[in-house]
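Undergrad: Sequence first, predicted coordinates after that:
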Amino acid sequence: GRRPPYRWLVLGPARSGSYVHIDPLGTSAWNALLEGRKLWALFPPSVPKEVVQPKGCGGREAIAWWARVYPNLCQAEDPSHRPLTIVQRAGETVFVPGGWWHCVLNLETTVAVTQNFCSRTNFDAVWLKTRKSRPKMSRRLVEQLRELEPELYQRTVDLADMPQQRATGSSSSS
């Protein structure tokens, strides 16, 4: 069958990684590291895109971001713009809340399993973003919710009257 678009086995050499981004559709994510070490920088949704993705910083490669942007953000005048920095080791799992900016650098060869997900906690945000940007998927989801999760199905009905602009709370680069 087809691989789900939200679950991955990720292998990467040292100095590879992912450019700073917000995960799609307001989903949260977890990353379980099986081998190696990863360096993470995380920022809450309140940090503006232009702060974490400044113009003219050498492309969209993770290594360039860590070399050119990260050092400046560590010294940011506004303390809320400073990164939450984590060194993840084999056997550890990192949780990334929905809407949070994050950038990852593999410090050595790494093997990880990662998955994006929607929970009851972030359901409203994920539903509103999915309804707006993935209408076909949202129609399939609402039918599944009607049958399997009537309480969440009712939440989609309650949110149906919410203006579309509320659904675009944070910008996603994914």
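TA: Arrived safely.
Undergrad: only C-alpha atoms for contact and neighbour calcs from this point on.
TA: Noted.
Undergrad: so where's the longest helix in the protein?
TA: helix 135-148 (DSSP state H).
Undergrad: Give me the helices and strands touching that helix, please.
TA: helix 123-133, helix 150-159 (3 or more Cα pairs under 8 Å, 6 or more residues apart in numbering; DSSP states H and E).
Undergrad: Just say which of the ones you listed is most tucked in.
TA: Among those, helix 123-133 has the highest mean neighbour count (mean count of other Cα atoms under 10 Å), at a mean of 20.
Undergrad: any idea how far the most centrally placed residue in the chain is from residue 116?
TA: In the chain, the residue lying closest to the centroid (Cα atoms, centre = their mean) is residue 23, at 2.5 Å. Between residue 23 and residue 116 the computed distance is 8 Å (Cα to Cα, to the nearest Å).
Undergrad: Same check on residue 38?
TA: Where residue 116 is concerned, residue 38 sits at a distance of 18 Å (Cα to Cα).
Undergrad: who has more neighbours, those two?
TA: Between residue 38 and residue 116, counted using other Cα atoms under 10 Å, residue 38 has the larger neighbour count: 24 against 21.
Undergrad: Pretty sure the more buried one sits in a strand.
TA: Yes. Residue 38: assigned to a strand according to DSSP: H, G, I helix; E, B strand; the rest coil.
Undergrad: and residue 15, which of the helices and strands packed on helix 135-148 is closest to it?
TA: helix 123-133 (31.7 Å; Cα to Cα).
Undergrad: angle of that closest one against helix 135-148?
TA: Computed with axes from the mean of the first three to the mean of the last three Cα atoms, to 10 degrees, the direction of helix 123-133 lies at 140 degrees from that of helix 135-148.
Undergrad: Cheers, nothing more for now.
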